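In: coordinates only, no sequence provided:
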C-alpha cells in the first residue's frame, strides 16, 4: 500500500468532507472557495467536465493555498493527471476504478481517490495504490452494503460515500463505516451564490461534527 500524501492526510483529519463543484466557472472560483473554507471544508474538487476546469483548479489552488486541498474530479484518463498537477491540483478523484489513472496519480505524488461499487473494484484500487475510496453512486447502494464491504477492506483506507448525501443521512452512513463524504449539488450548483453555498456547507459540517466526531 502506498504512503498517503501528508497534505491529504492533514486535510482529511480536519474535515473529511469533499466539496464537489461540478459546473464551477473560473469567475466563481474565488468566492465559492472562500465560502467553503469559511464553513469548515478543507477539500475541494472541480470535476473536469466543468467549464475551464484547469483554470478553476489553478485559481482555487492559489487562493486557498495552505487552507484547503484542491483537486480534480471525473478524471478518467491518465494524461489528465499531469494537467491537474500543472494547475496546482493535489487530489485526483474518478467515478470509476482505472488502475492506469491510479498509477499515474501515485507516480505524480498526488492523492488518489477512485470510485468503486463492489469489493472487487475496491481491492483492485487499493492494490494499484489508491489512498482513499469513493463509494459511488452511494444512492444506488446503502449503509448496509457499506458495512458489509468495510468488513473485508483494509480499515486504514478511508471510504467516502458520494452521491445523494444529505446532512440528515450522515449518521447512518457513519455508523456503517463511512470515513467521509463527497457532496455535490446539495452544496453547489452553477449560479448558486457564495452565501448560499456557505450556508449549505455549514449544515454538512455541523452534521458531521454532531454525528461523526468521536
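Out: Nice, thanks for sending it over. Since we're looking at a predicted model, the values are computed, not measured.
In: let me see the contact set for the nearest residue to residue 179 once chain neighbours are set aside.
Out: In this structure, residue 179 finds its nearest non-sequential neighbour in residue 158, 3.7 Å apart by Cβ to Cβ, 6 or more residues apart in numbering. Heads up, the C-betas are built off the backbone N, CA and C, glycines and all. Contacts for residue 158 (Cβ atoms under 8 Å, 6 or more residues apart in numbering) come out as 12, 16, 131, 132, 133, 179, 180.
In: taking these one by one, which sit in strands?
Out: Per DSSP state E, strands hold the following members of those: 133, 180.
In: now do the strands in the protein.
Out: Using DSSP E, the strands of the chain run over residues 17-20, 43-47, 69-73, 91-93, 111-113, 115-116, 133-135, 159-162, 180-183.
In: hmm, who's touching the shortest one?
Out: Taking Cβ under 8 Å, 6+ apart as the criterion, the residues outside strand 115-116 that touch it are 93, 94, 95, 96, 97, 122, 125, 133, 134, 135, 136, 162.
In: which pLDDT value belongs to residue 93?
Out: Listed pLDDT for residue 93 reads 98.
In: flag the shaky bits of the chain, pLDDT-wise.
Out: Applying pLDDT under 70 to the chain picks out residues 1, 212-214.
In: surely residue 89 meets residue 56?
Out: No - the criterion here is Cβ atoms under 8 Å, and residue 89 misses it with residue 56 at 10.0 Å.
In: can you count the residues close to the closest residue to residue 45 other than its chain neighbours?
Out: What sits nearest to residue 45 in space, not counting adjacent residues and going by Cβ to Cβ, 6+ apart, is residue 73, at 4.3 Å. Counted by other Cβ atoms under 10 Å, the residues lying close to residue 73 total 29.
In: tell me the buried residues in stretch 106-123?
Out: 106, 108, 110-117, 121-123 (16 or more other Cβ atoms under 10 Å).
In: now distance to residue 8 too, for those, in JSON lines please.
Out: Shown next, in JSON lines, are the buried residues of stretch 106-123 (distance: Cβ to Cβ, whole Å):
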{"residue": "106", "distance to residue 8": "12"}
{"residue": "108", "distance to residue 8": "13"}
{"residue": "110", "distance to residue 8": "9"}
{"residue": "111", "distance to residue 8": "4"}
{"residue": "112", "distance to residue 8": "9"}
{"residue": "113", "distance to residue 8": "8"}
{"residue": "114", "distance to residue 8": "14"}
{"residue": "115", "distance to residue 8": "17"}
{"residue": "116", "distance to residue 8": "18"}
{"residue": "117", "distance to residue 8": "22"}
{"residue": "121", "distance to residue 8": "21"}
{"residue": "122", "distance to residue 8": "18"}
{"residue": "123", "distance to residue 8": "21"}
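In: need the contact partners of the helix ranked longest in the chain.
Out: Counting residues, the longest helix found in the chain (DSSP state H) is helix 194-211. The contact list for helix 194-211 (Cβ under 8 Å, 6+ apart) reads 15-17, 19, 28, 31-32, 34-36, 38-41, 167-168, 170-171, 174, 181, 183, 186-188.
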